[in-house]
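[1] Sequence first, then the predicted structure, then my questions.
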Amino acid sequence: MSLGSALATAMSGLQANQAALSIVSSNIANAQTPGYVRESTNQVEVLSGDTGASVSVTGVNRQLNQFIQTQLRTETSGGAYADQIASVLTQLQSVYGTPGQAGSLETAYSNFTTAVQALSTTSGSASSQVTALTAAQNLAQQLNATTQGIQTLRSNAEQDIGISVGQANAAMTKIAQLNTKLQGLTPTDPTAATLMDQRDQAINQLSQLMDIRVSSTGNNQTSVYTSNGVELVGNQASTLSFNSQGTLNANSQWNANPAKSSAGTLTIKLANGATMDMIANNSISSGQIAADLTLRDKTLVQAQTQVDQMAASISSALSDKTTAGTAAPATLAPKAGFDLDLSNMQPGNKINFTYTDQATNTQHQVTIVRVDDPTALPLSNQGGNPNNPVIGVNFTGGMASVVSQLTSAFSGTNLQFSNPSGSTLRVVDNGTNTATVNSASVTATVTSLTSGNAQLPLFTDGSSLYTGAITGTAAQQLGLAGRITVNAALVADPSRLTIFNTSPLTNAGDTTRPDFLHTQLTSATFSYSPQTGLGTAATPFKGTLTSYMQQFLSLQSNASTSATQLQQGQDVVVNALQQKAKTDSGVNIDTEMANLISLQNNYAANAHLMSVVQNMMTSLMQVQL
């Protein structure tokens, strides 16, 4: 090798070492920079003939493990989802309060039942009446507060979605902008490495908000999609939009039909101008946005349904009276059945009857609900057992219309309906021995405090009676827990807790009504909607009011515990992957310092070589002279 070649080789080595020293220095300087990926020089041997003549630095390599990066983004989405769910369910437990302690729903109910029981043991003394009334008001207020707490959490989720959408749009815009800057740059260009770090950081931020899938294309370009294939970033960034409704209440429900939706809808405008409803298409299944949508539209809606059911069941248990039908006249033989007085039925009240289809020996339990809003008919999602149908009937057209609707609804069942007089409904078989009407009754809301019945409308829906009415907008039960209050007439006259008749006047010390109230509150059994999360449509949960409350509180407590455990497990996974990514792609100061020493030694060796070559060339020149 000539001295010139040796000098050139040494100079290339110095240049390569200088570039590597710059990279090592940059690594050390950015050791704490979020998203920075450790870099190294890309060096290649330069040949001269068949032997290596020098070294050339062709660019920078990012020490990135893409497999771990992909896993980390997936688990980051799952971790953000789990964190948000666990946090809100923990807050929901605070809304219910700690059982046995003041300010909890369970304690308020227990205090009320205890106060009602005292009405019996004290023969309805004035002081016990006031105590029971106060306990009833406290229970109503606790249900109001529980609803307020649930709806505050839903409103928070609504606001969080709006904030997250803004963050997602910023991240997607940044990714698209960096894609543009990276066009035309080679992957080993030092500038490209820096831009790729920034782009990866923006993608990581997006992965906290939603589940994403990243696809790298040629020319340093990256496309981002949701897990189910909706393009978020391609040549351009898509734009998410969220029409936040601000503060939500129990009636604020999301609906795929914008005209019926009263909660914010999340849409996306794609780069080609097309728009899509991200909620209706289930386009986001993980990340914080998905968690907030789940909480707003499912988890917390079910929690509201549970307390609404509690409020409705308490109200109906104390105010509804079931009256058995009287046997139809024997003169109708061989037809047989029952006559029912419908005069006291309010919208939402029910007719119940059972009949047996003799051909199949199948018993049917029928529920007929008074529904006076035609837009709510026919009823949907009412009952899951075809043998136990729930049918809505409009009473506004009079008894002739009621009979006509029932005749149409039960066509082919060998049952007959008629109106023999006044407000009487007659239901009988057709006399062919193909169907048997086994029983029939009417459940109606007692509207007066002194009707002569033990039942009374102790709780009301604001200033209105609670009857369970169903309209095309919503069932009266929706949001009832937030509106329930003690009957204003009872507040004005607490003696009505024991006096149930004024003509003749209920005897002093009569415990008929207190005994009824206590029995209904503690031992009577009721059925509860499967929408509460308990039971199914075919086999609804049945139990006392106390057992129902304990069941749904336990369900929520278990859900909170499970969510916390999932969060903790997810955090372990994310932390492990972050540590793995840091080990593979992050900067280790000790390693970089060792590299720095090695490079300094290499630099010194190349410099020494140059010095030796220079001395040799000087010596040769002196010899020639």
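    Nice, I can see it.
[2] Next, the distance between the ends of stretch 334-350.
    From its first residue to its last, stretch 334-350 covers 28 Å (C-alpha to C-alpha, to the nearest Å).
[3] buried residues in that stretch?
    335, 337-340, 342, 344-350 (16 or more other C-beta atoms under 10 Å). Bear in mind the C-beta positions are built from the backbone N, C-alpha and C, glycine included.
[4] what's the closest of those to Gly482?
    Proximity of these to Gly482 was ranked by C-beta to C-beta; the top entry is Gly348 with 18.3 Å.
[5] my guess is the closest one is in a strand, correct?
    No: counting by DSSP: H, G, I helix; E, B strand; the rest coil, Gly348 falls outside a strand, being coil.
[6] pretty sure it is in contact with Ile470, am I right?
    Yes: with the criterion set as C-beta atoms under 8 Å, Gly348 and Ile470 qualify as a contacting pair; they are 6.2 Å apart.
[7] quick one: which of the buried residues of stretch 334-350 is nearest Asn144?
    Of all the buried residues of stretch 334-350, Gly348 has the smallest distance to Asn144: 21.4 Å, by C-beta to C-beta.
[8] On the pLDDT front, check that closest one for me.
    Model confidence at Gly348, expressed as pLDDT, equals 97.
[9] show me what contacts it?
    Residues counted as contacts of Gly348 (C-beta atoms under 8 Å, 6 or more residues apart in numbering) are Val369, Arg370, Val371, Thr445, Thr467, Gly468, Ala469, Ile470, Gln476.
[10] how about 7 Å then?
    Contacts were defined as C-beta atoms under 7 Å, 6 or more residues apart in numbering; by that measure Gly348 touches Val369, Arg370, Thr467, Gly468, Ala469, Ile470, Gln476.
[11] quick one, phi/psi of it?
    phi 100, psi -20 (degrees, to the nearest 10).
[12] before we move on, what about Thr434?
    Summarising the backbone geometry of Thr434 under the convention degrees, to the nearest 10, its torsions are phi -100, psi -10.
[13] just to revisit the earlier point, return the member of the buried residues of stretch 334-350 nearest to Asn169.
    For the buried residues of stretch 334-350, the nearest to Asn169 is Gly348 (45.7 Å; C-beta to C-beta).
[14] Tell me how far the closest one lies from Ser463.
    Note on Gly348: its distance to Ser463, by C-beta to C-beta, to the nearest Å, is 17 Å.
[15] which residue ranges form the strands in the stretch 351-500 of the chain?
    Using DSSP state E, counting those that start in this stretch, the strands found in the stretch 351-500 of the chain span residues 362-370, 390-393, 415-418, 424-429, 435-445, 459-461, 484-486.
[16] Next, the buried residues of the first one.
    For strand 362-370, the neighbour count (16+ other C-beta under 10 Å) marks His364, Gln365, Val366, Thr367, Ile368, Val369, Arg370 as buried.
[17] Just list the residues touching the first one, thanks.
    So that's His364. For His364, the contacting residues are Thr354, Tyr355, Asp357, Asn387, Asn388, by C-beta under 7 Å, 6+ apart.
[18] Just the local confidence number for it, please.
    94.
[19] measure it to Asn419 for me?
    As defined by C-beta to C-beta, His364 lies at a distance of 22 Å from Asn419.
[20] now the last one
    Note on Arg370: its distance to Asn419, by C-beta to C-beta, is 15 Å.
[21] Repeat that for the fourth one.
    Here Thr367 is placed at a distance of 20 Å from Asn419 (C-beta to C-beta).
[22] chain center to the top helix by length along the chain: distance?
    When every helix of the chain is counted residue by residue (DSSP state H), the longest turns out to be helix 126-182. How far helix 126-182 lies from its chain's middle: 11 Å, per C-alpha atoms, centre = their mean, to the nearest Å.
[23] Against which helices or strands is the helix or strand following that helix packed?
    Secondary structure here is assigned by DSSP states H and E; on that basis, the next helix or strand after helix 126-182 toward the C-terminus is helix 190-209. For helix 190-209, the packing partners by 3 or more C-beta pairs under 7 Å, 6 or more residues apart in numbering; DSSP states H and E come out as strand 51-62, helix 66-96, helix 126-182, strand 222-226, helix 287-294.
[24] Kindly compare burial across those and name the winner.
    Per-residue neighbour counts averaged over each of these give the maximum for helix 287-294, namely a mean of 26 (mean count of other C-beta atoms under 10 Å).
[25] Would you mind getting the angle between the following helix or strand past that helix and helix 66-96?
    Next helix or strand after helix 287-294 toward the C-terminus (DSSP H and E): helix 300-319. For helix 300-319 against helix 66-96, the angle by axes from the mean of the first three to the mean of the last three C-alpha atoms, to 10 degrees is 20 degrees.
[26] quick one: contacts for Val235?
    Let me fix one detail, which is that residue 235 is Asn and not Val. When contacts are counted by C-beta under 7 Å, 6+ apart, Asn235 is found next to Ala271.
[27] and it, what pLDDT?
    The confidence metric pLDDT takes the value 86 at Asn235.
[28] and what of Pro99?
    What the model reports for Pro99 is a pLDDT of 81.
[29] burial of the closest residue to it other than its chain neighbours, as a residue count?
    Across the structure, with C-beta to C-beta, 6 or more residues apart in numbering as the measure, the residue nearest Pro99 apart from its sequence neighbours is Glu106 (4.5 Å). Here the number of neighbours of Glu106 (other C-beta atoms under 10 Å) works out to 18.
[30] before we move on, back to that, by how many degrees do the longest helix of the chain and strand 222-226 diverge?
    Counting by the same axes, to 10 degrees, helix 126-182 lies at 160 degrees to strand 222-226.
[31] Point out where the stretch 51-200 of the chain drops to low pLDDT.
    In the predicted model, the stretch 51-200 of the chain carries pLDDT under 70 at residues 51-59.
[32] Next up, the contacts around Leu415.
    For Leu415, the contacting residues are Tyr355, Val427, Asp429, Ala435, by C-beta under 7 Å, 6+ apart.
[33] hang on, the last one packs against Asn414?
    Yes: contact between Ala435 and Asn414 holds when scored by C-beta atoms under 7 Å: they sit 3.9 Å apart.
[34] what do these two both touch?
    Asp429.
[35] So for these two, which sits in the more crowded spot?
    For Ala435 versus Asn414, the count of surrounding residues by other C-beta under 10 Å is larger for Ala435: 22 against 18.
[36] Bridged to the more buried one, which residues?
    Taking DSSP bridges, one obtains Asp357 as the residues bridged to Ala435.
[37] so what's it up against?
    By C-beta under 7 Å, 6+ apart, Ala435 lies in contact with Tyr355, Thr356, Asp357, Gln358, Thr413, Asn414, Leu415, Asp429.
[38] List only those of the residues you listed flagged as buried.
    When burial is judged by neighbour count using 16+ other C-beta under 10 Å, the buried members of those are Tyr355, Thr356, Asp357, Asn414, Leu415, Asp429.
[39] got those residues as a markdown table, with pLDDT and distance to Ala481 columns?
    Compiled in a markdown table, the buried ones among the contacts of Ala435 are given as follows (pLDDT from 0 to 100; distance: C-beta to C-beta, whole Å):
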| residue | pLDDT | distance to Ala481 |
| --- | --- | --- |
| Tyr355 | 97 | 36 |
| Thr356 | 96 | 39 |
| Asp357 | 94 | 40 |
| Asn414 | 94 | 43 |
| Leu415 | 96 | 38 |
| Asp429 | 96 | 42 |
